[in-house]
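>>> Have a look at this fold, sequence not included:
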């Protein structure tokens, strides 16, 4: 009896925590390919993930889709969707995880299962079964993360400094636009820094839960770097205009 009560209390506490956390987020980013699959959107799993998230009430985007300005400028406004397969004989097992931009797990589903023999229906049924865990958690966006992000990026008054004439000033947008030539990736704690042949650091890439998908920072400009059709693409906003550039990166 005591064990039953303890289980119910634990489940209730976990459910409330998940509800509180996911309600902080409006957006979810879905990668174009899951690690256990060979091709992008194989069996339509990534597209189905997006569709099921939107049915839940999230605003979801597949990698490569155009993002709203507030999200393109700060990927921490979104959760990252991840689907993991647990290999098992005769049973397809998939688990959905939603992580923040620091890699912290905000929500983790049960193992969705299917005993179908054909891969296409098996993966889709297992994914939908995993999503039933998310269906059990009430969701309504409360604006928390957006408010925190806006407060964190609010301009502050900088202390006065003596004027210098050693180098011309460059706007952040110009610095992002001037990225050209071959860039070399150097590993750092949470990703890579890209340097040119000078060598000078021109871009910082922060890892996300999505493969080949990075949060990019160049001075005050934030954007994304992702792989598309075998090429690395850098996207960021200049005002309301989305800028897209192809980068040559050597890891």
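Nice, I can see it. Small disclaimer: the values here were computed from a predicted structure and weren't measured.

>>> Can you name the residues bridging to the residue most central in space within the chain?
Centroid-nearest residue in the chain, with Cα atoms, centre = their mean: residue 80, separated by 3.8 Å. Taking DSSP bridges as the rule, residue 80 bridges to residue 29, residue 99.

>>> Now do the contacts for it.
28, 29, 31, 98, 99, 100, 101, 208, 209, 210 (Cβ atoms under 8 Å, 6 or more residues apart in numbering). Using the backbone N, CA and C atoms, a C-beta is placed for each residue, glycine as well.

>>> what's the first-to-last distance across stretch 193-200?
One end of stretch 193-200 sits 10 Å from the other (Cα to Cα, to the nearest Å).

>>> should've said stretch 218-237
Counting by Cα to Cα, you get 12 Å between the two ends of stretch 218-237.

>>> Would you mind confirming that residue 226 is in contact with residue 233?
Yes. Counting by Cβ atoms under 8 Å, residue 233 is a contact partner of residue 226 at 5.8 Å.

>>> Give me the more crowded residue out of these two.
Taking neighbours as other Cβ atoms under 10 Å, residue 226 and residue 233 compare with residue 226 leading, 20 against 16.

>>> who does the helix or strand containing that one pair up with?
Using DSSP states H and E, residue 226 sits in strand 221-228. Partners of strand 221-228 in the sheet, by DSSP bridges, are strand 213-218 (antiparallel), strand 231-238 (antiparallel).

>>> for these, which one ends up most surrounded?
strand 213-218 (a mean of 21; mean count of other Cβ atoms under 10 Å).

>>> which residues touch that strand?
Residues outside strand 213-218 that contact it (Cβ under 8 Å, 6+ apart) are 29, 31, 63, 75-76, 101, 172, 175-176, 179, 191-192, 202-208, 222-227, 234, 236.

>>> among these, which ones are buried?
With burial judged by 16 or more other Cβ atoms under 10 Å, the buried subset of those is 29, 31, 63, 75-76, 101, 176, 179, 191-192, 202-208, 222-227, 234, 236.

>>> Out of the strands paired with strand 221-228, which is closest to residue 39?
strand 213-218 (16.3 Å; Cβ to Cβ).

>>> tell me the mean pLDDT for the closest one?
If you average the pLDDT over strand 213-218, you get 85.

>>> Also stretch 43-57?
91.

>>> Can you point out the buried residues in that stretch?
So stretch 43-57, judged by 16+ other Cβ under 10 Å, has buried residues 43, 45, 46, 48, 49, 50, 52, 53.

>>> same question, stretch 179-191
Neighbour-count burial for stretch 179-191 [16+ other Cβ under 10 Å]: 179, 183, 185, 191.

>>> Now those in a markdown table, please, with extra columns for secondary structure and distance to residue 141.
Conversion of the buried residues of stretch 179-191 to a markdown table gives the following (DSSP: H, G, I helix; E, B strand; the rest coil; distance: Cβ to Cβ, whole Å):
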| residue | secondary structure | distance to residue 141 |
| --- | --- | --- |
| 179 | coil | 34 |
| 183 | strand | 37 |
| 185 | strand | 35 |
| 191 | strand | 28 |
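
>>> where exactly do the strands run in this structure?
27-30, 59-62, 78-86, 92-99, 105-108, 112-114, 182-188, 191-195, 201-207, 213-218, 221-228, 231-238, 241-250 (DSSP state E).

>>> Could you check how far stretch 216-230 is from the centre of its chain?
Distance, stretch centre to chain centre, for stretch 216-230: 12 Å (Cα atoms, centre = their mean, to the nearest Å).

>>> What's the end-to-end length of that stretch?
Termini of stretch 216-230 sit 18 Å apart (Cα to Cα).
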